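J.: attaching a predicted model along with its sequence, questions to come.
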Amino acid sequence: MVEAVETMDGWYSLHDLRTIDWSSWKLASEAERKEAIDSLDQLIAKWETVEEAGNGSQVLHKVVGQKADLIFMFLRPTMEELSDMETELNKSKMGEFLLPAHSYVSVVELSKYRPAKDGVDPETLPETQKRLKPILPKWEHICFYPMDRRRSGEENWYTLEKDVRAKMLYEHSKTGRKYAGKVSQVITGSIGLDDWEWGVTLFAHEPLQFKKIVYEMRFDEVSSRYGEFGEFFVGNLLPREDIPKYLEV
Ligand code: VOV
């Protein structure tokens, strides 16, 4: 049996995608719409306090295309907090106008493919902890998709020796590093938590960078031979102060 790799796991993650029930929204009275917008604003204000205290992070984007209208990405230390957030959104006045579109549950993940430097466990390093409990960048664009490592015929990631996998991921990281400052990634592990093995969440200032990095990575062996991909969701940042304008009808 080949050796698995130890993972370092950080905050739990929920990608919560909602469609706005525009018909009901348009039929609602102005007072009701205001109440709904205020309820969402109050929730975001509360979540921002949690983020400022370093106990979690979140970001909200408008989905482009018909797969959903909104994508919330929530990070919290526990799964309970994630379900509390989801429930309080459902119970809010705004929740009356939100229909579930999609969701994804995972946990921020880094792996220990690289040998420990000077015998120091990387998990104890402050820079590792910062990556396991990241404050999500409030960059203009988000791209989220799930993926698997292939497990069929000759192409089986799970029968490769650890050093072979480590080498391929090192090559992958070299491609990734070329996009420093242009693409910021959060990899979340979802084996045992959701339908795919990893969630890939990318942030960029310029959406074309998503196409460029994903295309270039398609040629890395780790993706060309061992990558399987799910549905893609892309979106544009929805800052809290822009919500009333976005919902104006
Ligand atoms: C934006 C740049 C970027 C950079 C710098 C980067 C670096 C790294 C490093 C150093 C490592 C390995 C160690 C660790 O930290 O876990 C990883 C790991 C991983 N990656 Fe990555 N990745 C990037 C970006 C990046 C992208 C765009 C994708 C999607 C791939 C594609 O084809 O669509 C991806 C996927 C992953 C996955 C699924 C894993 C876990 C695989 C596993 O089997 O364990 N990743 N990644």
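T.: Yes, it's here.

J.: so which residue is dead centre in this protein?
T.: Centrality entry for the chain: nearest residue to the mean C-alpha point is residue 201, 4.1 Å, by C-alpha atoms, centre = their mean.

J.: which residues does the helix or strand hosting that residue contact?
T.: Secondary structure here is read from DSSP states H and E; on that basis residue 201 sits in strand 198-204. For strand 198-204, contacts defined as C-beta atoms under 8 Å, 6 or more residues apart in numbering pick out 13, 15, 73, 104, 106, 109, 136-137, 139-148, 182-190, 210, 213. All C-beta spots, glycine's among them, are computed from the backbone N, C-alpha and C.

J.: just the buried residues of the next helix or strand after it, please?
T.: Beyond strand 198-204 in the direction of the C-terminus, DSSP H and E gives the next helix or strand as helix 208-218. For helix 208-218, the neighbour count (16 or more other C-beta atoms under 10 Å) marks 209-210, 212-214, 217 as buried.

J.: touching the ligand at all, helix 208-218?
T.: Yes - in this structure, helix 208-218 sits against the ligand according to C-beta under 6 Å from any ligand atom; the contacting residues are 213-214, 217-218.

J.: for that helix, packing partners?
T.: The helices and strands touching helix 208-218, judged by 3 or more C-beta pairs under 8 Å, 6 or more residues apart in numbering; DSSP states H and E, are strand 141-149, helix 162-177, strand 183-189, strand 198-204.

J.: and the next element down the chain from that helix?
T.: On the C-terminal side of helix 208-218, the closest following helix or strand by DSSP H and E is helix 221-224.

J.: mind listing the strands for this structure?
T.: Residue ranges of the strands in the chain, as given by DSSP state E, are 7-20, 57-63, 70-76, 98-111, 141-149, 151-152, 155-156, 183-189, 198-204, 227-229, 233-237.

J.: so can I have CSV of the ones you listed showing distance to residue 117 and mean pLDDT?
T.: As requested, these are exported to CSV (distance: least, C-beta to C-beta, whole Å; pLDDT from 0 to 100):
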stretch, distance to residue 117, mean pLDDT
strand 7-20, 14, 98
strand 57-63, 28, 99
strand 70-76, 27, 99
strand 98-111, 14, 98
strand 141-149, 26, 98
strand 151-152, 32, 94
strand 155-156, 31, 96
strand 183-189, 21, 98
strand 198-204, 25, 99
strand 227-229, 29, 98
strand 233-237, 36, 99
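
J.: any chance of those in CSV, plus distance to the ligand?
T.: As requested, the strands of the chain are exported to CSV (distance: least, C-beta to the nearest ligand atom, whole Å):
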stretch, distance to the ligand
strand 7-20, 7
strand 57-63, 17
strand 70-76, 16
strand 98-111, 4
strand 141-149, 6
strand 151-152, 12
strand 155-156, 13
strand 183-189, 4
strand 198-204, 4
strand 227-229, 5
strand 233-237, 13
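
J.: which stretch among those strands comes nearest residue 90?
T.: For the strands of the chain, proximity to residue 90 was assessed by C-beta to C-beta; strand 98-111 is nearest, at 7.7 Å.

J.: that closest one pairs with which strands, parallel or anti?
T.: Applying DSSP bridges, strand 98-111 is found paired with strand 7-20 (antiparallel), strand 183-189 (antiparallel).

J.: ok now the shortest one, how far from the chain's centre?
T.: Translated: strand 183-189. Here strand 183-189 shows a centroid-to-chain-centroid distance of 7 Å under the convention C-alpha atoms, centre = their mean, to the nearest Å.

J.: just the CA atoms of it, as CSV, please.
T.: Output in CSV follows, covering the C-alpha atoms of strand 183-189 (Å, rounded to 0.1, in the frame of the first residue of the first chain):
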residue,chain,number,x,y,z
VAL,A,183,-4.7,34.8,-8.6
SER,A,184,-5.1,33.9,-4.9
GLN,A,185,-6.2,30.3,-4.2
VAL,A,186,-7.8,28.6,-1.2
ILE,A,187,-7.8,24.8,-1.5
THR,A,188,-10.4,23.1,0.7
GLY,A,189,-10.5,19.3,1.2
